[in-house]
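J.: What shape does this take:
(2 chains)
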Amino acid sequence: QKEVEQNSGPLSVPEGAIASLNCTYSDRVSQSFFWYRQYSGKSPELIMSIYSNGDKEDGRFTAQLNKASQYVSLLIRDSQPSDSATYLCARKTSYDKVIFGPGTSLSVIP
Amino acid sequence: DTGVSQDPRHKITKRGQNVTFRCDPISEHNRLYWYRQTLGQGPEFLTYFQNEAQLEKSRLLSDRFSAERPKGSFSTLEIQRTEQGDSAMYLCASATKGGFPYEQYFGPGTRLTVT
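T.: Residues are numbered from 1 along each chain as shown, chains lettered A, B, ... in the order given. The predicted structure is shown next:
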């Protein structure tokens, strides 16, 4: 069983729409979760971290965490073509090791 | 620039040769991580350090891989007797122990091609 699972995509949304990215994890002990954006050929860039149940908003991005159901999601409002990238979900273990999912490819169509 | 830096950015080597990569973390960060990433996959954990101590090494990592962080600052990752399967992007990230939320920041990566 993979520790962090994501749909590989590609997920395609029209410009201006809301993109919804989902992630599930298997370790109930995990407390901190992260979303990274990775453009092709580049290294991952931290978008948001979340550690409490509920929503956390930062600009056009909203991260949602539901520990009971073991899922994390990322919503991108008013999607722009520049948002086209791979989005990586990650969780921190109790030993401060960070485990990444395989990523979801997002394509925003102008 | 106070971000994580890696050197070299690209490395092409022949099978069987040894290669060494360097990572300089953000100066105040005491945790340093190495990952490997292949096309279409997320970063795969290799090893990490707190200061100069290596805290964990992935069980998937063969003995041909070794990492050091001798003075608790920069780190090196060496691959001996490279194989074509070692071709990947090698990523370094750093973080602050005890930071909450615990956030890692990545360097630009070293792309290794083994021919």
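J.: Write out the residues of chain B neighbouring chain A.
T.: Proximity of chain B to chain A, by C-beta under 8 Å from any C-beta of the partner chain, involves residues B:31, B:33, B:35, B:40-45, B:48, B:55-56, B:89, B:91, B:93, B:95, B:97, B:100-109. (Each C-beta comes from the backbone N, C-alpha and C, glycine too.)
J.: Drop anything exposed from these.
T.: The neighbour count (16 or more other C-beta atoms under 10 Å in any protein chain shown) marks B:31, B:33, B:35, B:41-45, B:48, B:56, B:89, B:91, B:93, B:95, B:102-109 as buried among these.
J.: In strands, which of the residues you listed appear?
T.: B:31, B:33, B:35, B:44-45, B:48, B:56, B:89, B:91, B:93, B:95, B:105-106 (DSSP state E).
J.: Throw those residues into JSON lines and include pLDDT, thanks.
T.: Formatted as JSON lines, these follow (pLDDT from 0 to 100):
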{"residue": "B:Arg31", "pLDDT": "91"}
{"residue": "B:Tyr33", "pLDDT": "95"}
{"residue": "B:Tyr35", "pLDDT": "96"}
{"residue": "B:Glu44", "pLDDT": "94"}
{"residue": "B:Phe45", "pLDDT": "92"}
{"residue": "B:Tyr48", "pLDDT": "92"}
{"residue": "B:Glu56", "pLDDT": "89"}
{"residue": "B:Met89", "pLDDT": "97"}
{"residue": "B:Leu91", "pLDDT": "97"}
{"residue": "B:Ala93", "pLDDT": "95"}
{"residue": "B:Ala95", "pLDDT": "89"}
{"residue": "B:Tyr105", "pLDDT": "92"}
{"residue": "B:Phe106", "pLDDT": "95"}
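J.: what's near enough to touch the residue of chain A found nearest chain B?
T.: Of all residues in chain A, A:Phe100 sits closest to chain B, at 3.6 Å by C-beta to the nearest C-beta. Contact analysis of A:Phe100 by C-beta atoms under 8 Å, 6 or more residues apart in numbering or on different chains lists A:Val4, A:Tyr36, A:Leu88, A:Cys89, A:Ala90, B:Tyr35, B:Gly42, B:Pro43, B:Glu44, B:Phe45.
J.: and the nearest residue to the third one once chain neighbours are set aside, what is it in contact with?
T.: When the adjacent residues along the chain are set aside, A:Leu88 lies closest to A:Tyr36, with 4.2 Å between them (C-beta to C-beta, 6 or more residues apart in numbering or on different chains). By C-beta under 8 Å, 6+ apart, A:Tyr36 lies in contact with A:Pro44, A:Glu45, A:Leu46, A:Ile47, A:Tyr87, A:Leu88, A:Ala90, A:Phe100, B:Phe106.
J.: now do B:Gln84
T.: By C-beta under 8 Å, 6+ apart, the contact set of B:Gln84 is B:Arg15, B:Val114, B:Thr115.
J.: Surely B:Pro108 is in contact with A:Gly41?
T.: No - with contact defined as C-beta atoms under 8 Å, B:Pro108 does not reach A:Gly41; the gap is 10.0 Å.
J.: can you list residues touching both of the two?
T.: With C-beta under 8 Å, 6+ apart as the test, B:Pro108 and A:Gly41 reach no residue in common.
J.: Looking at chain B, which residue is nearest chain A?
T.: Per C-beta to the nearest C-beta, B:Gly42 is where chain B lies closest to chain A, at 3.6 Å.
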